[in-house]
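> sequence-free structure coming up:
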Ligand code: LMR
């Protein structure tokens, strides 16, 4: 994380306010993300965005999608977007913005949102939309939010009570809230890139992880875990972000068309994320993976153990933001 912060500072100083010259040539937008598969909400949304732009803006703009971390992992993506040369757009999980803003920490507070509809209501509210601009000074603009879904826990042993997680090492995304959340369970946390998770679980570098059904299925994490417990304790959602240097150098009509297509794709694809995750859950079971559900009182134990983490981050996030998020439930 320190390395990312230093790199961010360095490229900021070098390149933030240099403008991109507009030209009559076709504009290429490289869109980088780390997921993949035929049933993944983000992979499908990115493909749909490219398909519509490439059809509706043919000859003016072409979007090339690089899934599965084939161009950059999410840490490197942030640095490269600030530079605005090798990649123009991406959609990292909201848990990966620590180096740029502490405001997104709200999305990692455990048991804050009841479901993805509540997340949607919050993101569409004035306070939610405000968050998209929180990295502007750092050279990145948020265009919209895309949904994945609710997170579940998996481990190399059965997780039913929070005490089952004691002493385990969990892989987490680049978020201090997620580290604190695992510590509240008496576990430890290791931040790892998405690409490394399967191998780390397989070789025992880590014992456990948290993720959505679609990520657990598409990356086959269930194959190297004892089972997945349906905790719905948090969310993985995305900010579609663009290099400010690139975006502000675009002709206004191009920007307007891209914004319209992005809004249309967001509305269409976000509606499908819940079903795609449920399909991934069914696919895990079909493939022989173990899925455990919790009774209301078992789930209440997880809430009681993890929710105190909120107090540690209220200062960075703002009590008003937390209240607005709660009101969306
Ligand atoms: C992860 O690293 O687990 C997720 O952020 C991957 C993703 O983009 O959904």
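Thanks, I have it. Just so it is clear, the structure is predicted and the values come from calculations on it, not from any experiment.
> Would you map the strands across the stretch 201-329 of the chain?
208-212, 227-230, 235-243, 291-293 (DSSP state E, counting those that start in this stretch).
> report the longest strand in this protein, please.
strand 140-155 (DSSP state E).
> Could you spell out the sheet neighbours of it, each with its direction?
strand 208-212 (antiparallel), strand 227-230 (antiparallel), strand 235-243 (antiparallel) (DSSP bridges).
> Would you tell me which one of these is buried the most?
strand 208-212 (a mean of 27; mean count of other C-beta atoms under 10 Å). Every residue, glycine included, has its C-beta placed from N, CA and C.
> for it, the distance to its chain's centre please.
13 Å (C-alpha atoms, centre = their mean, to the nearest Å).
> Number the residues from 30 up from this point.
New numbering, starting at 30: the last item is strand 237-241.
> Can you name the residues that contact the spatially most central residue of the chain?
Centrality entry for the chain: nearest residue to the mean C-alpha point is residue 122, 1.4 Å, by C-alpha atoms, centre = their mean. Each residue near residue 122 by C-beta atoms under 8 Å, 6 or more residues apart in numbering is listed here: 103, 177, 202, 265-267.
> next one: residue 191
Residue 191 sits next to 214, 330-331, 334-335 when contact means C-beta under 8 Å, 6+ apart.
> ditto for residue 228
Per C-beta under 8 Å, 6+ apart, neighbours of residue 228: residue 234.
> which residue packs closest to residue 355, ignoring adjacent ones?
Leaving out its chain neighbours, the residue that sits closest to residue 355 by C-beta to C-beta, 6 or more residues apart in numbering is residue 141, at 7.0 Å.
> Wait, the one you found touches residue 353, no?
No - with contact defined as C-beta atoms under 8 Å, residue 141 does not count as touching residue 353 (10.9 Å).
> returning to that earlier point: make JSON lines out of the strands of the stretch 230-358 of the chain and add mean pLDDT.
As requested, the strands of the stretch 230-358 of the chain are exported to JSON lines (pLDDT from 0 to 100):
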{"stretch": "strand 237-241", "mean pLDDT": "98"}
{"stretch": "strand 256-259", "mean pLDDT": "98"}
{"stretch": "strand 264-272", "mean pLDDT": "98"}
{"stretch": "strand 320-322", "mean pLDDT": "98"}
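> Could you check how many residues crowd around residue 242?
26 (other C-beta atoms under 10 Å).
> circling back: near the ligand, list only the ones from the contacts of residue 122.
Subset of the contacts of residue 122 in contact with the ligand: 177, 202, 265, counting by C-beta under 6 Å from any ligand atom.
> Which one, of the strands paired with strand 169-184, ends up nearest to residue 57?
strand 264-272 (12.8 Å; C-beta to C-beta).
> Strand 169-184 and the lengthiest helix in the chain, what's the angle between them?
As assigned by DSSP state H, the longest helix anywhere in the chain is helix 281-299. Comparing the axes of helix 281-299 and strand 169-184 via axes from the mean of the first three to the mean of the last three C-alpha atoms, to 10 degrees yields an angle of 20 degrees.
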